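In: how does the following fold in three dimensions:
(2 chains)
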There are 2 protein chains.
Amino acid sequence: MIYLDNAATTMQKPRGVIEAVVQAMKTAGNAARGMGEAALWSSRLIFEVRVQVATFFNVSRPDHVIFTSNATEALNIVLNGLFIRGDHVITTDLEHNAVLRPLYRLQERGDIMLSIVPADSCGNIHLDVVESLIRSSTRAIVITHASNLTGNVVDVRRIGQLARARDILFVVDAAQTAGSMPIDMENLHIDVLCVTGHKGLFGPQGTGCLCLREGIDIRPFKVGGTGVQSFSKTQPQTYPERLEAGTLNTHGIAGLAAGISFVQSTGIEKIHRHEMSLTRRFYDGVVSLPDIQIYGDFSVDDRAPIVALNLGKIDSAIVADILSTTYGIATRAGAHCAPRMHEVLGTVSQGAVRFSFSWFNTEDEVDRAIEALRDISQHLVSNAHD
Amino acid sequence: MIYLDNAATTMQKPRGVIEAVVQAMKTAGNAARGMGEAALWSSRLIFEVRVQVATFFNVSRPDHVIFTSNATEALNIVLNGLFIRGDHVITTDLEHNAVLRPLYRLQERGDIMLSIVPADSCGNIHLDVVESLIRSSTRAIVITHASNLTGNVVDVRRIGQLARARDILFVVDAAQTAGSMPIDMENLHIDVLCVTGHKGLFGPQGTGCLCLREGIDIRPFKVGGTGVQSFSKTQPQTYPERLEAGTLNTHGIAGLAAGISFVQSTGIEKIHRHEMSLTRRFYDGVVSLPDIQIYGDFSVDDRAPIVALNLGKIDSAIVADILSTTYGIATRAGAHCAPRMHEVLGTVSQGAVRFSFSWFNTEDEVDRAIEALRDISQHLVSNAHD
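Out: Sure, this is the predicted structure:
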């Protein structure tokens, strides 16, 4: 199988990630709960990974790194715990349902007012539009770092500057970029960073992080045992316990640490260049196919390693199914949990075939994907024209 | 190390659990998201594990098995999604903070009225007291299957009968019993069962389940992408998607399935007998030590495999620390996220040293723990008396 669905999850993990999970499954007790060697091993590991994550994303304090089960949970924690009634929130057409649905729910309840920055037909948003939507009640701008459908990257630095200058919180969904592009919370003026572990960071599924700038006040979402302050009727006020209830996923976090270590030792710029090279190679190889429609902005070099496309009017699921069954190439078709982006691109019913690349993909795999798509195009599109 | 902290997490996992996680980490795509072999492998696995869990706990429908990151998340989903303003809820002194804190928060917000069934000095609750607290507005009884501190088991069958007869929902926290004692949702009249994966089920950390009887209406807690119905502004209404947002922990769920398979192939009654035998052996070996205080009801045979105790007035953390550093025996000391139970037992400041056993413990380990405790008792208690 040629696995080109890395924007959904990186199936291929560095060997060290699997080894770290296995080691933890033979060693780990319950972090912060217990006096034995195994529990202390877990507590130390968890602490060290907080420090590692804080270093990796330049989070101001390691105790402001909250472990979650994925980016969706990180987003739910922040979006459900940050706002007070009457707050105005700005988000964009690019967002995943992990951002949109929590915000829609708050809007529906009358808790927030919501403005959505429109994307142009290339899938880009424009800073002046963001700025024009700011009101005195604007509390936060919530935005993806890169569209999971088009791969377009948002200029978070400029939006971060704008937000900081207007005293607006800046919340970034980095599900598609963490591990693939450098992210420095301080430099980009990010107040809240939501990350998943199982994509570009090469960690196991069931891992993720919520990284907070110091001074951000988020109400607890899940509440329960923390191993500390057991006699308080409420969740502890201090981070990370305030936002972490129940046993942490030590086994997964051990793997996440190894994944981040892999990115650190390989070099994130090197990973990004490799992924961009594959993305460009694939794009160049298919862009001239007859009746192909490629979504997103390929005039820039800095992108998430994603190429979403359609062949003529053919249902994206048919193309992806042929890619899988005839050519052994795994992609994702249909809607990509990004409903507004599909509306902008006019792909609500057709969906899109998404090819997404990772460090572990090769030029040969890309070339075979190009060949496969050329084959399919010749057969299907010519048939459709008959 | 002799690991006797299995009520916190079973450190020793069956080999098949680790193998299943490793296989998944080499094979799994993102369940319900993608058209390739890897994504379909994950989707099939997730479906099969739902069926397995449904069989194991006699859940009426596999699609009413919701995967969570632990029991705390399962409890937060149900407790935050079940009640409407004015509902009365009954819980008990035995509960873990994973039950108490969500309920306290709802009470504090004025959303529910809360009654708490008192425990007697043995750590037991009494059915007539539960019954006496029922009002016309009582919507649910939320109760642990076994105290994580004393190991006392609650007669859930009788409470379930009572609840069913009065048309009250019966929510059971089975964190301490799932995998150690048979649980049949139908027979026990359980409407909602909250389970963790990393204790008696021998699964990885980061896994758990919420099992629902058909017809239970729970509002979504986390919302986001589900891989289906992407164009709906709200979470899908159908289970399991209604309560599952974001990428599932396929790697962990693969391990959970192997853990449940281990319990199934070993035989849960056999596991329970072994654990009870170790528990009784330990109890009998230490009960006559001078100045020992053992908590909970050992007049019955059906318990969770837990013995919590103190030596004289000595801080539980000191005893556990000596057990660990001098004898290599891992236990848990201090408060056990069960504040009301500590209040009942008078161990708020002293805490308690908890020994908890699993299938993988041996009689020899128990005997060494007895010896260690006898040593410590001789030294510390006699010193304290000097």
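In: just the helices in chain A please.
Out: Along chain A, the stretches classed as helices by DSSP state H are A:15-27, A:37-57, A:71-82, A:97-108, A:127-132, A:156-165, A:250-266, A:268-286, A:316-327, A:339-345, A:363-376, A:382-385.
In: just want the angle from the longest one to helix A:15-27.
Out: This points to helix A:37-57. 150 degrees (axes from the mean of the first three to the mean of the last three C-alpha atoms, to 10 degrees).
In: for the residue lying closest to A:Thr238 once chain neighbours are set aside, give its distance to A:Gly203.
Out: Closest residue to A:Thr238 apart from its sequence neighbours, by C-beta to C-beta, 6 or more residues apart in numbering or on different chains: A:Asp63 at 7.4 Å. (C-beta placed from N, C-alpha, C; glycine too.) Computed as C-beta to C-beta, to the nearest Å, the A:Asp63 to A:Gly203 distance reads 20 Å.
In: comparing these two, which residue is more hemmed in?
Out: Under the criterion of other C-beta atoms under 10 Å in any protein chain shown, the comparison of A:Asp63 against A:Gly203 puts A:Gly203 first, with 33 against 17.
In: doesn't A:Val195 make contact with that one?
Out: No - with contacts counted by C-beta atoms under 8 Å, A:Gly203 stays clear of A:Val195, the gap being 9.8 Å.
In: who's in contact with A:Leu256?
Out: The contact partners of A:Leu256, by C-beta atoms under 8 Å, 6 or more residues apart in numbering or on different chains, come to A:Val49, A:Gly197, A:Leu201, A:Gly203, A:Pro204, A:Thr207.
In: tell me which two in those are the farthest apart.
Out: Comparing all pairs in these by C-beta to C-beta, the longest separation belongs to A:Val49 and A:Pro204, at 12.7 Å.
In: comparing the two, which residue is more hemmed in?
Out: When A:Val49 and A:Pro204 are compared for neighbours, A:Pro204 comes out ahead with 33 against 25, by other C-beta under 10 Å.
In: and that one, how far is that from chain B?
Out: In this structure, A:Pro204 and chain B are 5 Å apart, going by C-beta to the nearest C-beta, to the nearest Å.
In: quick check, pLDDT for A:Val383.
Out: Val isn't right for residue A:383; it's Asn. According to the per-residue confidence, A:Asn383 scores 67 in pLDDT.
In: likewise for A:Ala165?
Out: Confidence per residue is given as pLDDT, and for A:Ala165 that number is 97.
In: repeat for the one 5 residues further on
Out: Per-residue pLDDT puts A:Phe170 at 98.
In: list the contacts for the residue nearest to it when sequence neighbours are not counted?
Out: In space, A:Phe170 comes closest to A:Ala163 once its chain neighbours are excluded; the distance is 4.0 Å by C-beta to C-beta, 6+ apart. Contacts here follow C-beta under 8 Å, 6+ apart; on that basis A:Ala163 touches A:Ile141, A:Leu169, A:Phe170, A:His189, A:Asp191.
In: let's see it at 10 Å
Out: With contacts defined as C-beta atoms under 10 Å, 6 or more residues apart in numbering or on different chains, the neighbours of A:Ala163 are A:90, A:130, A:134, A:138, A:140-141, A:143, A:156, A:169-171, A:189-191.
In: redo these as TSV? Include distance to B:Ser316 and neighbour count.
Out: Supplementary listing: the contacts of A:Ala163 in TSV, determined by distance: C-beta to C-beta, whole Å; neighbours: other C-beta atoms under 10 Å in any protein chain shown:
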residue	distance to B:Ser316	neighbour count
A:Ile90	52	25
A:Val130	56	20
A:Ile134	55	16
A:Thr138	51	19
A:Ala140	45	23
A:Ile141	49	26
A:Ile143	49	24
A:Val156	49	25
A:Leu169	43	21
A:Phe170	46	23
A:Val171	42	25
A:His189	47	20
A:Ile190	43	30
A:Asp191	41	23
